[in-house]
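Colleague: give the three-dimensional model of this entry:
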Amino acid sequence: MGSLHLLSLSLCFLLLFPPPSHSSRLPDIKRPGSVIRMKTGGYSVSFDPTRVTQISWHPRAFIHRGFLSDVECDHLIDLAKDKLEKSMVADNESGKSIESEVRTSSGMFLAKRQDEIVADIEDRIAAWTFLPVENGESIQILHYEHGQKYEPHFDFFHDKNNQQLGGHRVATVLMYLSTVEKGGETIFPSAEEKIPQPKDESWSDCAKKGYAVKPRKGDALLFFSLHLNASTDINSLHGSCPVIEGEKWSATKWIHVRSFEKSLDLPTDGDCADNHENCRMWANVGECEKNPVYMVGSEGSSGYCRKSCNVC
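Modeller: Okay, here's the model as predicted:
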């Protein structure tokens with residue numbers, strides 16, 4: 001886990017001391033200014049560390065103001081809004097996705113590099129986190145209406161089945177696609193805050209139970225679920241407070257300790273397979289037609305549920 005240690009440590013020092021570049025996926029730092037440029041996937045993306053504020057050391061957590069533009073936020077919502085299904089959680093014993101009142105939002109997954117905007121966001125996340133694009137899951141778009149929430153939970157896994165798919169989730173990037181009038185804060189009940197956070201009546205009661213982040217359109221929250229030695233960090237416990245006024249849209253990117261693409265072993269053209277345990281259920285509720293890029297695939301990219309969608 002030495003490389004993970006170096007990558008995470010570089011981030012903790014606000015990316016001022018990056019590791020030397022040995023491949024096209026590592027950052028190519030150029031100054032003028034403080035912008036970090038990274039070549040990945042044939043594109044050059046930039047990231048400005050001066051917009052990053054560290055909010056906690058346990059867990060390691062950072063806020064990037066204005067990570068997404070309004071146009072990008074609106075685009076992600078448009079891709080998802082007619083394809084939402086009830087959000088699921090992973091069962092601690094079996095690892096299977098199940099319904100639970102712990103999580104009451106609705107959501108859907110985009111396909112990796114679904115379009116140019118999605119691909120650019122994924123590359124920018126890699127530039128910020130110093131973690132390879134291929135270690136990330138597909139972006140999940142979530143929608144929380146009045147009263148909807150996600151009780152405090154961990155993003156690392158308790159079951160061995162999920163750990164086989166790229167290992168533990170080492171980092172989470174949570175992007176806010178809308179500003180919530182009241183409520184909907186991301187809460188860290190066990191965080192050792194770096195910046196004192198007095199709270200007035202503009203915060204929900206839920207948000208007063210730990211360090212909290214208000215959802216503001218375009219901002220992104222990065223936190224690590226593992227320590228630098230790759231052990232799980234119990235201080236990374238986090239949740240989404242109930243929405244009180246307005247609605248909350250967010251986009252989540254989970255990043256694993258190793259390649260998530262290779263471990264999924266996605267089918268090549270001509271192969272017929274499902275690569276998610278919920279494929280049959282999703283197909284039965286019409287996802288093959290509503291979300292064909294993720295389910296079936298597009299030119300140059302195989303879908304996750306080709307067998308259940310009867311395309312092979």
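Colleague: where does this structure have low pLDDT?
Modeller: Under the criterion pLDDT under 70, the flagged ranges of the chain are 1-46, 87-104, 159-160, 162, 164, 262-271, 277, 299-301.
Colleague: the most centrally placed residue in it: what secondary structure?
Modeller: Residue closest to the mean C-alpha point of the chain, counted by C-alpha atoms, centre = their mean, is Lys253 at 1.7 Å. Assigned by DSSP: H, G, I helix; E, B strand; the rest coil, the conformation of Lys253 is strand.
Colleague: where does the residue nearest to it when sequence neighbours are not counted fall, secondary structure wise?
Modeller: Counting by C-beta to C-beta, 6 or more residues apart in numbering, Lys253 lies nearest to Val173, which is 4.4 Å off, once chain neighbours are set aside. Any C-beta I mention is one placed from the backbone N, CA and C, and that applies to glycine too. With elements taken from DSSP states H and E, the one containing Val173 is strand 169-176.
Colleague: what's next to the following helix or strand past that strand, contact-wise?
Modeller: Per DSSP H and E, the first helix or strand lying C-terminal to strand 169-176 is strand 182-183. Defining contact as C-beta atoms under 8 Å, 6 or more residues apart in numbering, one finds that strand 182-183 is touched by Ser202, Ser204, Cys206, Ala207, Cys241, Pro242, Val243, Ile244, Glu245, Gly246.
Colleague: run a quick neighbour tally on the second one.
Modeller: To tie it back to what came earlier, the one meant is Ser204. Burial of Ser204, expressed as a neighbour count using other C-beta atoms under 10 Å, amounts to 22.
Colleague: same deal with the fourth one?
Modeller: If you count neighbours by other C-beta under 10 Å, Ala207 ends up with 21.
Colleague: check the one 4 residues further on too.
Modeller: Other residues lying near Tyr211 total 23 when counted by other C-beta under 10 Å.
Colleague: same check on Ser202?
Modeller: Counted by other C-beta under 10 Å, the residues lying close to Ser202 total 9.
Colleague: right, and the helix or strand after the helix of greatest length in the chain?
Modeller: In terms of residue count, the longest helix belonging to the chain (DSSP state H) is helix 116-129. From helix 116-129 onward toward the C-terminus, using DSSP H and E, the following helix or strand is strand 140-144.
Colleague: can I get that following strand in CSV, CA atoms only?
Modeller: Below are the C-alpha coordinates for strand 140-144, written out as CSV (Å, rounded to 0.1, in the frame of the first residue of the first chain):
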residue,chain,number,x,y,z
GLN,A,140,-24.2,7.9,-8.9
ILE,A,141,-26.8,10.7,-9.1
LEU,A,142,-29.0,11.0,-6.0
HIS,A,143,-32.2,13.0,-5.3
TYR,A,144,-33.5,13.8,-1.8
